[in-house]
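> Just the structure for this:
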Amino acid sequence: MQRPLTWCFASLLSAVPMACSDARPVDEAPLNFVEDVRPILEAACDECHAVDPPPAGWRSTSYLDAIACVGPEGEPADEPSVLPPDASAPILRALARDDHAGLLDEEQRAVLDLWVSSGARTGQADMHAPGIADPRSPDWHADRLRESGWALVLDPDQPDSCGRCHEGAPSRPEGVTGNPPGAPTCTSCHDQPGGVFACTTCHGPGRGTAFDACFRPERVGAEGAHAAHLDPSDWRAGVLSCETCHPAHTVDDVGVGQHGDGTIQIVFDETVAGSGAAFDPETKQCTVACHNRGGAAATPRWTDPGPVVCGDCHSIPPAGHDPRACTTCHAEPDETGSVLTALVFHLNGTVDLGDGGGGCGACHGEGDDPWPRTAAHSAHRNPDITTPIECNSCHVVPSSVGDPGHLDPVVGVELTFGGRALDRGATPSWDGTRCSDVACHGAGLRGGGAVAPVWLAGPGSVVCGSCHPVPPPAPHTFLTTCQSTICHGDEVVPGPDGPSISVVGRARHIDGDIDLGPSP
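Numbering: from 1, shown residues only. Have a look, this model is predicted:
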């Protein structure tokens, strides 16, 4: 309930707020946020400043929010302190602006002035120093706990153990339950999973204030590149775990060994950071596989402002790399390699090609199917006159991505004929537009209308007579009854437009042999 302060209006409005404190009855407790200030903010400020996100980055609903910095665009206040005990306090300066005029009446403003000038207490209890809940105060409870080696929350037998009065403390003396009047429950502020010993309590975000630019301006920059590694939304699909760079710790480790002793331990997870990953504490430089790929900033300092851009970790393209556009082989970057358009594979410890499937189809086709869908590939992949043509008929098929000649700096597709293309002693060639003297297309069979097909013309229509005449020239018989039992049997079937290859015959047609008689 708000306390009447009409007895000190004159001094509050005509002098520095501290002048009012001497006139206050000595038997009345100092003003506090819970009883005196929060009701005023609820009535005057919550309509705008209880929403998410709040205007100017300032929220009215809790003590820590109320004493935080406030500026026209939410920037930290110019003063090094959050609430200096005079009219320069950010909350009082904000209320003095024209756009906030009239929000508080004289009595409400007097309460707020006196609360600020008397130390901005949080609650009514007077067992602790006024700054026990104020992160900028030398009496802030987190500093006291750290100085005690966390004994105040771990050892219930300490005379000033937190658990003697506060529920939610990690340990309480035997038989102690409940809270004395005015003593808050620890989890009323430490409401993250894990309570007081949640990782966010010390490390943030949440209730962690150790690196807060508002509460601890002297620590600005001390957080280094943590934010970039914890929220890598522009360069990595997943969040890096703390164990990537630090030893794994649990709550039970606090106050035992090195967890919470003020020493920052760097122990890299080599499955992510690479073998031999190192950190130089003098220069603050990291030498880790995540960055050290031959780029312009391969060994960044932890305190570098960033951001890291494409080209910092690896050159574009990397040395000895195929010079074609990145999109030729990779799904995530744009053609220039300077922008990531998707985040699925980047910095996952492997170099993923295409859709990341790991097989030939990841780049050349779809899924497990290695066949490209360009030009006449589909006609060779699923022909209607023979079985699918093997890739090695036109290309050297590597056993792995890193084989010599595969993904080399030579621009363009390299054709090296083999397999069925060389049947009957054929010597095929490729001039960049069409294939010639390929056994599959009738080399050595003396005739045919498609013996030198144009690759980019697409699949076309290959029929009997395209690769060899019907009938072929002598010494072949002049008869066209190809389906005769003594000739090609069930391999060929007659039709109104001439013979065609049967479904059974596809297994024998264009196999390098001239088969006579029916299929076995």
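> okay, CA-based contacts and neighbour counts for the rest of this
OK.
> Surely residue 407 is in contact with residue 322?
Yes. Contact status for residue 407 versus residue 322: in contact at 6.2 Å, counting by C-alpha atoms under 8 Å.
> Can you pull the poorly scored residue ranges out of the stretch 201-350 of the chain?
204-211, 219-222 (pLDDT under 70).
> hmm, try it at 50
Scanning the stretch 201-350 of the chain for pLDDT under 50 picks out the ranges 206-207.
> got the residue ranges for the helices in it?
Using DSSP state H, counting those that start in this stretch, the helices of the stretch 201-350 of the chain run over 226-230, 270-273.
> So for residue 90, which of the ones you listed sits nearest?
Proximity to residue 90 (C-alpha to C-alpha) singles out helix 226-230 among the helices of the stretch 201-350 of the chain, at 26.5 Å.
> So this protein: which segments form each domain?
Following the assignment in automatic domain parsing, the chain carries domains at 6-117, 130-219, 224-352.
> a markdown table for the ones you listed, including mean neighbour count and distance to residue 470?
Shown next, in a markdown table, are the domains of the chain (neighbours: other C-alpha atoms under 10 Å; distance: least, C-alpha to C-alpha, whole Å):
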| stretch | mean neighbour count | distance to residue 470 |
| --- | --- | --- |
| domain 6-117 | 17 | 80 |
| domain 130-219 | 17 | 80 |
| domain 224-352 | 15 | 43 |
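> hang on, the earlier thing: take the helices of the stretch 201-350 of the chain and write them to a markdown table, including distance to residue 356.
Output for the helices of the stretch 201-350 of the chain, formatted as a markdown table (distance: least, C-alpha to C-alpha, whole Å):
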| stretch | distance to residue 356 |
| --- | --- |
| helix 226-230 | 24 |
| helix 270-273 | 18 |
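> I'd like to know which of these lies nearest to residue 315.
helix 270-273 (18.9 Å).
> Mind putting the domains of the chain into JSON lines with distance to residue 377?
Shown next, in JSON lines, are the domains of the chain (distance: least, C-alpha to C-alpha, whole Å):
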{"stretch": "domain 6-117", "distance to residue 377": "55"}
{"stretch": "domain 130-219", "distance to residue 377": "54"}
{"stretch": "domain 224-352", "distance to residue 377": "17"}
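> Between those, which one is closest to residue 444.
It's domain 224-352; of the domains of the chain, that one is closest to residue 444 (C-alpha to C-alpha) at 37.4 Å.
> Quick one: distance of the closest one to the chain centre.
Distance of domain 224-352 from its chain centroid, counting by C-alpha atoms, centre = their mean, to the nearest Å, is 11 Å.
> Give me the three-state assignment for residue 132.
Following DSSP: H, G, I helix; E, B strand; the rest coil, the label given to residue 132 is helix.
> And it, how far from residue 140?
Per C-alpha to C-alpha, to the nearest Å, residue 132 is found 4 Å from residue 140.
> shared neighbours, the two?
Common contacts of residue 132 and residue 140, defined by C-alpha atoms under 8 Å, 6 or more residues apart in numbering, are absent altogether.
> Residue 90 is in contact with residue 69, isn't it?
Yes. Shown here, residue 90 and residue 69 form a contact pair, counting by C-alpha under 8 Å, at 6.1 Å.
> Now do the same for residue 421: its pLDDT.
The per-residue pLDDT reported for residue 421 equals 92.
> Does it touch residue 392 like I think?
No. Judged on C-alpha under 8 Å, residue 421 makes no contact with residue 392 at a distance of 9.1 Å.
> of those two, who's got more company?
Just comparing residue 421 and residue 392: by other C-alpha atoms under 10 Å the higher neighbour count belongs to residue 421, 28 against 16.
> Surely that one forms part of a helix?
Yes. According to three-state DSSP, residue 421 belongs to a helix.
> From residue 499, how far out is residue 442?
Counting by C-alpha to C-alpha, the gap from residue 442 to residue 499 is 17 Å.
> Those two: who's more crowded?
Ranked by neighbour count (other C-alpha under 10 Å), residue 442 and residue 499 place residue 442 first, with 26 against 18.
> how close does residue 225 get to residue 300?
10 Å.
> Now for the closest residue to residue 41 other than its chain neighbours: which residues touch it?
Sequence neighbours aside, residue 60 is the residue nearest to residue 41 in space, at 6.1 Å (criterion: C-alpha to C-alpha, 6 or more residues apart in numbering). Residues in contact with residue 60 (C-alpha under 8 Å, 6+ apart) are 38, 41, 42, 45, 46, 49, 50, 66.
> can we see that at 10 Å?
Shown in contact with residue 60 (C-alpha atoms under 10 Å, 6 or more residues apart in numbering): 38, 40-42, 44-51, 54, 66-68.
> and if you look at residue 389?
So residue 389 contacts 377, 379, 380, 381, 382, 383, 419, 420, 421, 440, 510, 511 (C-alpha under 10 Å, 6+ apart).
> How confident is the prediction for the fourth one, by pLDDT?
Think residue 381. 90.
> can I assume it is in contact with residue 371?
Yes. Between residue 381 and residue 371 there is a contact under C-alpha atoms under 10 Å: 6.7 Å.
> overlap in contacts of these two?
Contacts common to residue 381 and residue 371, judged by C-alpha under 10 Å, 6+ apart, are residue 391.
> Give me the three-state assignment for the residue nearest to residue 117 when sequence neighbours are not counted.
Closest residue to residue 117 apart from its sequence neighbours, by C-alpha to C-alpha, 6+ apart: residue 85 at 4.3 Å. Under three-state DSSP, residue 85 falls in the coil class.
> Please consider this matter closed, and thank you.
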